[in-house]
Each structure stands twice: as structure tokens, then as C-alpha cells.
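Novice: Predicted model and sequence follow; I will ask about them next.
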Amino acid sequence: MPYFDSNNCRLYYEKVGQGDAVIFLHEFGGDVRSWQQQMAHFSMKHTAIALACRGYPPSEVPTIEAEYGWQKSLDDVLALIDSLGIEKAHFVGLSMGAFTGLMMCLRHPQRVRSLVAASGGSGAFPTGRSEFIEKCRVLAQAASEREFMPADHLAYGHNRIQLREKNFAEWEKFYIQLGEHPGIGSGLTQKMVQAARPSLHDFDTEFAAVKTPVLLMVGDEDDPCLDTNLWLKRVIPTAGLSVWPKSGHLLNLEDPQRFNAECDVFFNAVAEGHWPDRNELLERHRGPENATF
């Protein structure tokens with residue numbers, strides 16, 4: 001099994017295919033298995049790589065708070081691509097993974113060929129942020145006191161039942177796998193990553209300067225993420241936004257064919273230089289001084 005070391009933590013990844021690297025970063029409720037359908041699809045033309053975050057087996061599960069944090073998640077991604085000798089990669093992140101991908105664009109843009117940020121932004125919107133943090137802390141405490149993650153809270157959440165309705169077998173697999181996560185790993189991830197990370201809105205000036213091509217995806221029934229994705233679209237000049245109707249949080253599981261197809265179109269547009277920077281586009285097509293509409 002392939003492993004690498006990052007800040008004295010042994011982490012697991014899966015790697016298949018050949019070509020430009022596409023790195024998949026899972027959400028809090030998922031793990032490396034969440035990307036099976038994407039790994040199968042993208043490995044036909046790319047080197048597809050899925051990382052198991054610290055706290056998620058087969059990666060190591062540290063038992064102290066100091067071993068977790070969004071900055072450590074960022075360091076783990078850098079350690080992964082360094083260990084594989086990858087200079088630059090496409091990144092695809094879901095939720096927690098989308099946050100890490102966006103931070104890669106801000107902190108290490110020279111390593112990012114493009115980013116698909118799906119279902120990102122939980123807890124970021126100013127309205128409701130305090131409530132989100134408090135819920136994370138409660139869930140963190142509940143998980144840390146158990147051997148395994150209590151799955152009902154997330155699996156039956158209002159932005160995850162869409163998967164249950166669309167594909168019960170896939171939702172059941174998600175539910176079972178979620179309940180296999182070590183309680184201490186889930187609890188400390190929830191406390192030190194989800195609850196302790198800054199709001200995306202804190203980075204508005206930095207996002208406005210992003211040059212990396214970005215595709216945002218969000219379900220129109222994913223209430224914790226919808227407003228922040230609209231904001232990100234307005235702020236990031238290289239961002240495109242795909243809003244999925246009657247969809248929740250687990251977009252890559254709800255409709256893997258659509259998810260894969262939208263990523264394919266995006267990657268091809270980036271490769272062909274057809275994903276413009278909105279500011280550069282406006283400058284190139286600047287009209288008369290008195291044009292207002």
C-alpha cells in the first residue's frame with residue numbers, strides 16, 4: 001500500500017493511470033473510497049490520485065489536537081505532490097477538500113493547474129457562522145467519546161438526503177463507510193479543522209487576485225454552501241459556477257456522470273486556454289466611457 005510521511009504522520013493515497021495529475025481531496029464525511037467512480041473515469045487520461053486525510057484510515061489517526069488543523073491539511077497535500085515529484089496538478093475537492101484546494105490556490109498557486117471546488121463553504125457565510133461552529137464542536141465531542149463516528153447526524157442531514165432519494169444503494173454505502181471512521185479522528189478533525197478554520201470570506205482580497213482557473217460546483221439545496229459559492233463566483237475573476245438543481249452536498253455521488261463530465265469540460269477548456277479571467281476579458285472588450293449596461 002502506498003504511503004508517505006508528512007509532519008511525522010504516515011498518510012495513505014491511491015494512484016492509477018498516466019498523464020497530467022488530478023488529485024482528489026475528500027470531504028469530512030467521506031474518505032478515499034468516496035472517489036472510486038472518479039478514479040476509474042479520470043485514470044483513463046490522467047494520473048488520478050486520491051489522498052486519505054490524517055485521521056482517516058488507512059492513513060494514521062493521531063490522537064492529540066495539535067496534530068490536526070487546516071494548515072496541516074495544506075502541508076499534507078504539499079508533502080504528497082512533493083513525494084510523487086509532481087510539479088503542478090489539477091485538484092478536485094469536495095467540501096473540506098474544496099477548502100484545502102482553495103487554500104492551495106492562495107498559498108501555493110504555482111502548484112495548481114486548476115481547481116474544481118465542489119460543495120465548499122460550510123460555515124463560511126457570516127450569517128450562521130457561529131451556529132455552524134457550535135454544531136461542529138458538539139459533534140466533535142460526541143464523536144471523540146465513541147469508538148466510531150456516529151453516522152446518523154450527517155447521513156440524514158438536510159443536504160445529504162438527496163443522495164438517499166436518488167441512489168439509496170450509494171447512500172447506504174456512504175452511511176456504512178461514515179460509521180467506520182474512528183471516533184477520535186473524526187472528532188479531532190471536526191474540532192480542529194472544521195470548527196477552527198477561518199471563514200472563506202476572510203480572504204476576499206486574496207481571492208480577488210487569483211489567476212488559477214477555478215470551477216465551483218454547488219447543489220441548490222445545499223443551504224450551508226450556496227450563498228458562499230455565489231460570493232466566490234463574484235470575487236474570484238477566474239471562477240465559473242455550476243449550480244445543480246434539486247441537489248445536495250454529495251455531488252460526486254449523487255450524479256457521478258455529470259460530475260465527471262463537467263470536470264472533463266473544465267480540464268479541456270483550461271488545456272486549450274479557453275477559461276478566461278473575467279477582469280482580462282472586460283479589459284479586452286472595454287466599451288465607451290459612458291457605457292453602463
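Specialist: That came through, no problem.
Novice: what's the helix or strand hosting residue 93 packed up against?
Specialist: Using DSSP states H and E, residue 93 maps to strand 89-94. On a contact count with 3 or more CB pairs under 8 Å, 6 or more residues apart in numbering; DSSP states H and E, strand 89-94 meets strand 21-25, helix 96-107, strand 112-118, helix 256-271. Bear in mind the C-beta positions are built from the backbone N, C-alpha and C, glycine included.
Novice: To residue 83, which of these lies closest?
Specialist: Of all the helices and strands packed on strand 89-94, strand 21-25 sits nearest to residue 83, with 12.2 Å by CB to CB.
Novice: what mean pLDDT does the following helix or strand past that closest one have?
Specialist: Once the chain leaves strand 21-25, the next helix or strand it forms, by DSSP H and E, is helix 36-42. Per-residue pLDDT over helix 36-42 has a mean of 98.
Novice: what comes into contact with helix 36-42?
Specialist: For helix 36-42, the external contacting residues (CB atoms under 8 Å, 6 or more residues apart in numbering) are 14, 16-17, 22, 24, 48, 50, 92, 252-253, 256, 259-260, 263.
Novice: all strands of the stretch 101-250 of the chain, in order?
Specialist: Here the stretch 101-250 of the chain has its strands, by DSSP state E, counting those that start in this stretch, at 112-118, 214-219, 239-244.
Novice: Let's have those strands in a markdown table, adding mean neighbour count and distance to residue 158.
Specialist: Formatted as a markdown table, those follow (neighbours: other CB atoms under 10 Å; distance: least, CB to CB, whole Å):
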| stretch | mean neighbour count | distance to residue 158 |
| --- | --- | --- |
| strand 112-118 | 26 | 18 |
| strand 214-219 | 26 | 11 |
| strand 239-244 | 18 | 16 |
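Novice: Mean pLDDT and distance to residue 283 added to the ones you listed, as a markdown table?
Specialist: Compiled in a markdown table, the strands of the stretch 101-250 of the chain are given as follows (pLDDT from 0 to 100; distance: least, CB to CB, whole Å):
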| stretch | mean pLDDT | distance to residue 283 |
| --- | --- | --- |
| strand 112-118 | 98 | 22 |
| strand 214-219 | 98 | 19 |
| strand 239-244 | 98 | 17 |
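Novice: how about those, which one is nearest residue 193?
Specialist: strand 112-118 (16.2 Å).
Novice: Tell me which strands that closest one pairs with, and in which orientation.
Specialist: Strand pairing for strand 112-118, using DSSP bridges, gives strand 89-94 (parallel), strand 214-219 (parallel).
Novice: The last one vs strand 239-244, what angle?
Specialist: Here strand 214-219 runs at 20 degrees with respect to strand 239-244, directions being taken by axes from the mean of the first three to the mean of the last three CA atoms, to 10 degrees.
Novice: what distance separates strand 214-219 from the centre of its chain?
Specialist: Distance of strand 214-219 from the chain centroid (CA atoms, centre = their mean, to the nearest Å) equals 10 Å.
Novice: and if you look at the first one?
Specialist: Relative to its chain's centre, strand 89-94 lies at 7 Å (CA atoms, centre = their mean).
Novice: What of stretch 239-250?
Specialist: Computed by CA atoms, centre = their mean, the chain-centroid distance of stretch 239-250 equals 13 Å.
Novice: Contacts made by that stretch with the rest, please.
Specialist: 27, 30, 94-95, 119, 157-163, 174, 210, 214-222, 225-226, 229-230, 232-233, 251, 254-255, 258, 262, 266, 275.
Novice: what are the bridge partners for residue 148, then?
Specialist: Assessed by DSSP bridges, residue 148 has beta-bridge partners residue 182.
Novice: What degree of burial does it show, as a neighbour count?
Specialist: By the measure other CB atoms under 10 Å, the count of residues near residue 148 is 15.
Novice: so how far is residue 186 from it?
Specialist: For residue 148, the distance to residue 186 equals 8 Å [CB to CB, to the nearest Å].
Novice: Am I right that residue 193 is in contact with residue 68?
Specialist: Yes. With contacts counted by CB atoms under 8 Å, residue 193 reaches residue 68, the gap being 5.9 Å.
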